[in-house]
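In: Could you work out the structure for the sequence below:
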Amino acid sequence: MMPDLPNPEADTSDNRESAGADDATQVGDSLSASFMPPDAMAARIEALLFVHGKPISARRIADLLEVPSVIPVKQCLALLARRYDDLGSAFSLQELAQGYQLTTRPEHDALLNKLVREREAQKLSPAVLECLAVIAYKQPISRLDIESIRGSSSDHLVRALLERGFIQVTERDKNRGNAALYGTTGEFLRAFGLKSLSELPRQQDLASLAAAQEGAGEAEVDEVQVQDPEKPQ
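Out: Below is the predicted model of the structure:
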């Protein structure tokens, strides 16, 4: 009597399943061994998102972290998103443009816009602010008229304001060789927190404020002279 021979098909199937399970285990073990703890990875991903400021893909994050798979990266991204939601954080994690980006929640927009406007205003030099004020109050106005009011060349100042998007050519003066006439833009209103040009301080108010400041300066000088009568006049 011949011994029972193993069924080739059954053996092949069993071996295939066993081998597949072993391979999957080995791959899983190797991947797990190459990954850092989830909290540590999440912290590093958070740092990348915070500094990058634009959507960044899970694949790019994995490359930067030098891990071979995007799976743990996406798991950590989900972990961060849950944390922000559970803690009521000012941040939220958004999936945008085939990437991930840290964004602030809409309820903080007004506060952040205020800060942005202050920073933008601080970046403008006194000369640029003066030029912008002339345009804001006298628009539409030509560059030659701006220079006549300021008493100095303003070409570079006008260019700077154009680059910032605070002014634009609103019309042309056909009586003066089609000269460009400048006016302020919506970006100007946004940057300075104005709903419309009607909210600009009145020129009379500005003149009164300047006079008051000048008077305060003279008062300080008089006070010094009273305190030191021997000081030469």
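
In: Output the contacting helices and strands for the helix or strand encompassing residue 40.
Out: For residue 40, the host element (DSSP states H and E) is helix 38-52. For helix 38-52, the packing partners by 3 or more CB pairs under 8 Å, 6 or more residues apart in numbering; DSSP states H and E come out as helix 58-65, helix 71-87, strand 99-104. C-beta coordinates here come from the backbone N, C-alpha and C atoms, glycine included.

In: got the buried residues for it?
Out: Under the neighbour-count criterion of 16 or more other CB atoms under 10 Å, helix 38-52 has 41, 42, 45, 46, 49, 52 buried.

In: rank the helices and strands packed on helix 38-52 by pLDDT, which is bottom?
Out: Ranked by mean pLDDT, the helices and strands packed on helix 38-52 end with strand 99-104 at the bottom, a mean of 89.

In: Other residues contacting it?
Out: With CB atoms under 8 Å, 6 or more residues apart in numbering as the test, strand 99-104 has contacts from 46, 49-50, 52-58, 60-61, 77, 90-94, 112.

In: Mark which of those are buried, thanks.
Out: Among the contacts of strand 99-104, those buried by neighbour count (16+ other CB under 10 Å) are 46, 49, 52, 55, 56, 58, 60, 61, 77, 91, 93.

In: before we move on, back to that, with respect to residue 170, which of the buried residues of helix 38-52 is nearest?
Out: The closest of the buried residues of helix 38-52 to residue 170 turns out to be residue 52 (CB to CB; 38.0 Å).

In: Grab the nearest non-local neighbour of that closest one.
Out: Distance criterion CB to CB, 6 or more residues apart in numbering; nearest residue to residue 52, sequence neighbours excluded, is residue 101 at 7.8 Å.

In: what bridges to that neighbour?
Out: On the basis of DSSP bridges, residue 101 is bridged to residue 94.
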